[in-house]
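Visitor: sequence first, then the predicted structure, then my questions.
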Amino acid sequence: MTIALSIVLALLFVATGAGKVLGAKKSIEARDHFRMNGTLWRTIGALEWAGAAGLVVGLFTWEWVAHAATVGLGLLMVGATITRLRYDSKPTGMVVDLVLLALLITLLFLDR
């Protein structure tokens, strides 16, 4: 279960980070909606990539890397939820953020 959840979460964060780092049109529209500057947006994308890499690396090497990546991605999701509360009127985005946060918390407490 840990391996599958880690890989699924890593793929999700690689995809969302790619939109931010590579400047996909929908991602830029979201960035503008949330009133963030481009540097911060790309930094968040890079952190998502780093967290995804940490989830995968932690499966094969040091367990603490996966734990650190899980906590880091969880903090990003807390920030995303707060940002949506401030700027977004649609609950679907917040629900997705909270589901991802719940999955990260679940992963943190699974036996490795």
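Guide: In hand now; what should we look at? Every value quoted in this text rests on a predicted model; they were computed, and no experiment measured them.

Visitor: all contacts plus neighbour counts: C-alpha atoms, from now on.
Guide: Noted.

Visitor: run a quick neighbour tally on residue 36.
Guide: Applying other C-alpha atoms under 10 Å, we find 12 other residues in the vicinity of residue 36.

Visitor: so residue 98 versus residue 74, what's the distance?
Guide: Using C-alpha to C-alpha, to the nearest Å, residue 98 is found at 10 Å from residue 74.

Visitor: those two: who's more crowded?
Guide: With neighbours defined as other C-alpha under 10 Å, residue 98 and residue 74 compare such that residue 74 has more, 22 against 17.

Visitor: which strand or helix spans that one?
Guide: Following DSSP states H and E, one finds residue 74 within helix 63-87.

Visitor: what's the offset of that helix from the middle of its chain?
Guide: 6 Å (C-alpha atoms, centre = their mean, to the nearest Å).

Visitor: now do the buried residues in the following helix or strand past it.
Guide: Per DSSP H and E, the first helix or strand lying C-terminal to helix 63-87 is helix 91-109. For helix 91-109, burial by neighbour count (16 or more other C-alpha atoms under 10 Å) applies to 94, 97, 98, 100, 101, 103, 104, 107, 108.

Visitor: so the second one touches residue 79, yeah?
Guide: In this case it means residue 97. No - Residue 97 lies out of contact with residue 79 (C-alpha atoms under 8 Å); the separation is 9.4 Å.

Visitor: can you list the weak-confidence ranges in the chain?
Guide: When residues are selected by pLDDT under 70, those of the chain lie in 111-112.

Visitor: pretty sure residue 33 sits against residue 87.
Guide: Yes - applying C-alpha under 8 Å as the test, residue 33 and residue 87 come out as touching, 7.3 Å apart.
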